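> Predicted coordinates and the sequence they were generated for:
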Amino acid sequence: MNIIYFLVGIIATTIGAISGIGGGVIIKPVLDTLGNYDISTISILSSFTVFSMSIVALLKSIKNKVKLDGKRTISLAIGSIIGGILGKNLFTLFLAALNNNLLGQKIQSTTLFILMGVVLILYINEGKIKGFRVNNIGFCALIGIILGIISSFLGIGGGPINVIALMYILGMGSKESSIHSIFIIFFSQGSKLLSVFLSEGFSVYNLEVLPFMVVGGIMGGFIGSYLLGKMKKNNIKNLLHILC
């Protein structure tokens, strides 16, 4: 069974590192379907895996001297840290108020389905729907907070939503938005995991498959970053269309 979780980790994060979707949007539904863990544990497994991938992808980007967008990037990062913590706390309150793991899983899946539908429409109509380029760092921080909350709450990394927001709101191209999306994932998921560690800790979760998924995430980060450097912008766009 461990090999299945390893394969889920490496396949999802390879795709995620190329496209900027992170991989959580693939990991979470698959783990839900496998049905071996509760909603909270799945969220932690997904977060750890995409966080591992994001570390590798960002280090590769730095090594390859990929330029980030200065003040806007820093604002997004700060916002995503705040959003990651807020999203984790909202998720905890949500589960406590609901007190029903299965129902919570269905609500989460439905929310994700709706969001992905919106993302798909925007991808299909790229070029037809006019976006705009925001340079105000306060607004960029707000975008980072919102994206961090969504990714942390849903436990998906938030990649596809990040990419769309970066393309339509901040005026980034597909390749640029992919790299910046990984940047947001690193900070939002990192802050979420730190928040969990400082509150209830990880011992309350069944993380027996975590090493296999993290190794998959690290390998996926290496493979995806390598392929991203070789791919053209149109190929990345086509991959995003297929995924959504």
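Done, it's in.
> Report the residue spans of the chain with pLDDT below the cut-off.
19-22, 66, 68-69, 126-131, 155-159, 174, 229-244 (pLDDT under 70).
> Could you identify the longest helix within it?
The longest helix of the chain (DSSP state H) is helix 70-98.
> residues of that helix that come out buried?
72-89, 91-92, 95 (16 or more other CB atoms under 10 Å). No exception for glycine: its C-beta is placed from N, CA and C like everyone else's.
> My reading is that Arg133 lies in a strand. Confirm?
No. If the criterion is DSSP: H, G, I helix; E, B strand; the rest coil, then Arg133 is coil and not within a strand.
> Run a quick check on it versus Tyr168, I expect a contact.
No. Between Arg133 and Tyr168 there is no contact, the gap being 9.8 Å when judged by CB atoms under 8 Å.
> okay, those two: which has more neighbours?
Tyr168 (17 against 10; other CB atoms under 10 Å).
> where's the more buried one relative to Ile161, distance?
Look at Tyr168 and Ile161: by CB to CB, to the nearest Å, they are 11 Å apart.
> And the helix or strand containing Thr14, what does it pack against?
Using DSSP states H and E, Thr14 maps to helix 2-19. Helices and strands touching helix 2-19, by 3 or more CB pairs under 8 Å, 6 or more residues apart in numbering; DSSP states H and E, are helix 24-34, helix 39-63, helix 159-168, helix 174-198, helix 210-230, helix 233-243.
> Put the alpha carbons of the strand or helix carrying Tyr123 into PDB.
Assigned by DSSP H and E, Tyr123 falls within helix 101-124. The C-alpha trace of helix 101-124 is given here as PDB (Å, rounded to 0.1, in the frame of the first residue of the first chain):
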ATOM      1  CA  ASN A 101     -16.000  13.800   9.200                       C
ATOM      2  CA  LEU A 102     -17.900  12.300   6.200                       C
ATOM      3  CA  LEU A 103     -20.100  15.400   5.800                       C
ATOM      4  CA  GLY A 104     -17.000  17.700   6.100                       C
ATOM      5  CA  GLN A 105     -15.300  15.700   3.400                       C
ATOM      6  CA  LYS A 106     -18.300  16.100   1.100                       C
ATOM      7  CA  ILE A 107     -18.500  19.800   1.700                       C
ATOM      8  CA  GLN A 108     -14.800  20.200   1.000                       C
ATOM      9  CA  SER A 109     -15.000  18.200  -2.200                       C
ATOM     10  CA  THR A 110     -18.100  20.100  -3.400                       C
ATOM     11  CA  THR A 111     -16.300  23.500  -2.700                       C
ATOM     12  CA  LEU A 112     -13.200  22.200  -4.600                       C
ATOM     13  CA  PHE A 113     -15.400  21.100  -7.500                       C
ATOM     14  CA  ILE A 114     -17.100  24.500  -7.800                       C
ATOM     15  CA  LEU A 115     -13.800  26.300  -7.600                       C
ATOM     16  CA  MET A 116     -12.200  24.100 -10.200                       C
ATOM     17  CA  GLY A 117     -15.200  24.700 -12.400                       C
ATOM     18  CA  VAL A 118     -14.600  28.500 -12.200                       C
ATOM     19  CA  VAL A 119     -10.900  28.000 -12.800                       C
ATOM     20  CA  LEU A 120     -11.700  25.900 -15.900                       C
ATOM     21  CA  ILE A 121     -14.000  28.500 -17.300                       C
ATOM     22  CA  LEU A 122     -11.300  31.200 -16.800                       C
ATOM     23  CA  TYR A 123      -8.600  29.000 -18.400                       C
ATOM     24  CA  ILE A 124     -10.800  28.200 -21.500                       C
END
